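In: Got a predicted structure plus its sequence, pasted below:
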Amino acid sequence: MATENVSLMFKLYCLTVMTVVAATYIIALRYTRTVLTEMYFATTAVCITEVLKLILSLGMLARDMGSLSGVLAALRDHTVRSPKEMLKLSVPSLVYAVQNNMAFVALSNLDAAVYQVTYQLKIPCTALCTVFMLNRSLSKLQWVSVFMLCAGVTLVQWKPMETTKVQVVQNPVLGFVAIAVAVLCSGFAGVYFEKVLKASDTSLWIRNIQMYISGIVVTACGVYLNDGAQVLEKGFFFGYTHWVWIVILLASLGGLYTSVVVKYTDNIMKGFSAAAAIVISTAASVLLFGLQLTLNFIAGTILVCISIYYYGLPKQDTLVPVEAEKSKQQLINV
Ligand code: NCC
């Protein structure tokens, strides 16, 4: 298994960019789903995002390989000649395709703040998937801190309802169902990708390329099944304004940064760090732009800080894989 060492600064940089992009993405997506009059097809945006992520990952692979022939050889070995690996990566690509489409459904029917708050349920869901799928253990204190973090981020992000004029009919129940599905998908797909990525030396960009190739196929099927007739009539890029392209660009960057964060930390750390970044950025807005400090924010910040402290407390048994524990025991016995 490859263990590349990167500096703490690089990890912090990736986590911060990922969080800022995610926050901007949700607001921009909500804007395009409620304010634009000629509504674009969400399924096509999800599909184009996969295409853009594939192009960007190919660019990163080319940078690492240094030559076109190297890229072509790596592609041949890891795609056409590795059907089993391609099949493995088609699992998270299918689940992410569902999740990414659900984000559009949810944000077409719910306020962005309500969405962000409810979506925090992904933190315990991810922890649960980590325990079951990666065979890791969390202490009781760490479980408490996971739920405390969830409550803390919810409080920090709690905002009054948006004031933007919504020009479409909304169905909140559908919105909440979409969030529930997205939460389950995010936990499962994130941990599955982490498991595959960390189980071998295959590079992150190769794993991403494998996932995005099947992602394009799956999301193209989504376009056909959901909007096929309408897309044929109006065109694939119907309703695409520069805002829609911004959403696609943010979704692509966010996805790639997510993959880098998962590579150098893990999915639970991703949740904790994103929470810390949210608190820090809100605190910075208070200091720099005179944003009003609310009681919710103060209470939420305290909860987030305590949860981070508690999560990191029992250093010895923090996220130690069961196998690693067994082999440690064997070493002691020898
Ligand atoms: O929900 P979340 O992530 O877990 O979703 C992960 C997103 O990253 C893409 N991905 C994942 C792995 C990989 N190797 N390549 C990828 O492109 C998936 O396709 C999926 O879109 C979070 O932890 O809160 C986070 O949230 C998303 C996004 O805000 C929500 O999913 C919106 O519903 C962020 N994505 C963006 O900002 C575009 C992500 O950065 C962080």
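Out: Ah, there it is. Please read all numbers here as calculations on a predicted model, not as lab measurements.
In: can we go C-alpha only for contacts and neighbour counts from here?
Out: Will do.
In: Show me which residues of the stretch 101-250 of the chain sit near the ligand.
Out: Proximity of the stretch 101-250 of the chain to the ligand, by C-alpha under 6 Å from any ligand atom, involves residues 103, 186, 190, 208, 250.
In: farthest-separated two in the residues you listed?
Out: Spatially, the most separated pair among these is 103 and 208, at 20.7 Å (C-alpha to C-alpha).
In: re earlier: ok, of the residues of the stretch 101-250 of the chain next to the ligand, which one's closest to residue 88?
Out: Nearest to residue 88 among these is residue 208, at 12.0 Å by C-alpha to C-alpha.
In: re earlier: of the residues of the stretch 101-250 of the chain next to the ligand, the lowest pLDDT goes to which?
Out: Within those, residue 103 has the lowest pLDDT, namely 92.
In: show me what contacts the closest residue to residue 150 other than its chain neighbours?
Out: Computed as C-alpha to C-alpha, 6 or more residues apart in numbering, the closest residue to residue 150 that is not its neighbour in sequence is residue 120, at 5.8 Å. Contacts for residue 120 were tallied using C-alpha atoms under 8 Å, 6 or more residues apart in numbering; they are 150, 153-154.
In: Now do residue 120 against residue 155, distance only.
Out: Shown here: residue 120 relative to residue 155, a distance of 11 Å by C-alpha to C-alpha, to the nearest Å.
In: Got the confidence number for the closest residue to the ligand within the stretch 1-150 of the chain?
Out: In the stretch 1-150 of the chain, the residue that lies nearest the ligand is residue 22 (3.0 Å; C-alpha to the nearest ligand atom). Per-residue pLDDT puts residue 22 at 86.
In: so it makes contact with residue 255?
Out: No - in this structure residue 22 lies outside contact range of residue 255 using C-alpha atoms under 8 Å: 9.2 Å.
In: pLDDT value on the spatially closest residue to residue 187 that is not a sequence neighbour, please?
Out: With sequence-adjacent residues excluded and distances taken as C-alpha to C-alpha, 6+ apart, residue 187 is closest to residue 126, at 4.1 Å. At residue 126, the pLDDT value in this model is 94.
In: try residue 173
Out: With respect to pLDDT, residue 173 has a value of 93.
In: after the one helix or strand it maps to comes which helix or strand?
Out: Here residue 173 sits within helix 172-198, counting by DSSP states H and E. Per DSSP H and E, the first helix or strand lying C-terminal to helix 172-198 is helix 204-234.
In: quick check: angle from the next helix or strand along the chain from that following helix to helix 172-198?
Out: Following helix 204-234 in sequence order, the next helix or strand is helix 242-264 (DSSP H and E). Using axes from the mean of the first three to the mean of the last three C-alpha atoms, to 10 degrees, the inter-axis angle of helix 242-264 relative to helix 172-198 is 40 degrees.
In: picking that back up, with neighbour count as extra columns, can I get the residues of the stretch 101-250 of the chain next to the ligand in JSON lines?
Out: Conversion of those to JSON lines gives the following (neighbours: other C-alpha atoms under 10 Å):
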{"residue": "103", "neighbour count": "22"}
{"residue": "186", "neighbour count": "24"}
{"residue": "190", "neighbour count": "22"}
{"residue": "208", "neighbour count": "23"}
{"residue": "250", "neighbour count": "23"}
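In: Phi and psi next, for residue 136.
Out: Phi and psi for residue 136, reported as degrees, to the nearest 10, are phi -100, psi 160.
In: pretty sure it is touching residue 129, no?
Out: No - counting by C-alpha under 8 Å, residue 136 does not reach residue 129; the two are 9.6 Å apart.
In: Find residues that contact each of the two.
Out: Common contact partners of residue 136 and residue 129 (C-alpha under 8 Å, 6+ apart): none.
In: Give me the neighbour count for residue 86.
Out: Using other C-alpha atoms under 10 Å, residue 86 is surrounded by 19 other residues.
In: so what pLDDT did it get?
Out: With respect to pLDDT, residue 86 has a value of 96.
In: Whichever strand or helix holds it vs helix 204-234, what angle?
Out: Taking DSSP H and E as the criterion, residue 86 maps to helix 83-109. Relative orientation of helix 83-109 versus helix 204-234 (the same axes, to 10 degrees): 50 degrees.
In: Against which helices or strands is helix 83-109 packed?
Out: When contacts are defined as 3 or more C-alpha pairs under 8 Å, 6 or more residues apart in numbering; DSSP states H and E, helix 83-109 packs onto helix 8-34, helix 42-65, helix 172-198, helix 204-234.
In: Now do the SS call for residue 69.
Out: Under DSSP: H, G, I helix; E, B strand; the rest coil, residue 69 falls in the helix class.
In: quick one, what contacts it?
Out: Neighbour list for residue 69: empty [criterion: C-alpha under 8 Å, 6+ apart].
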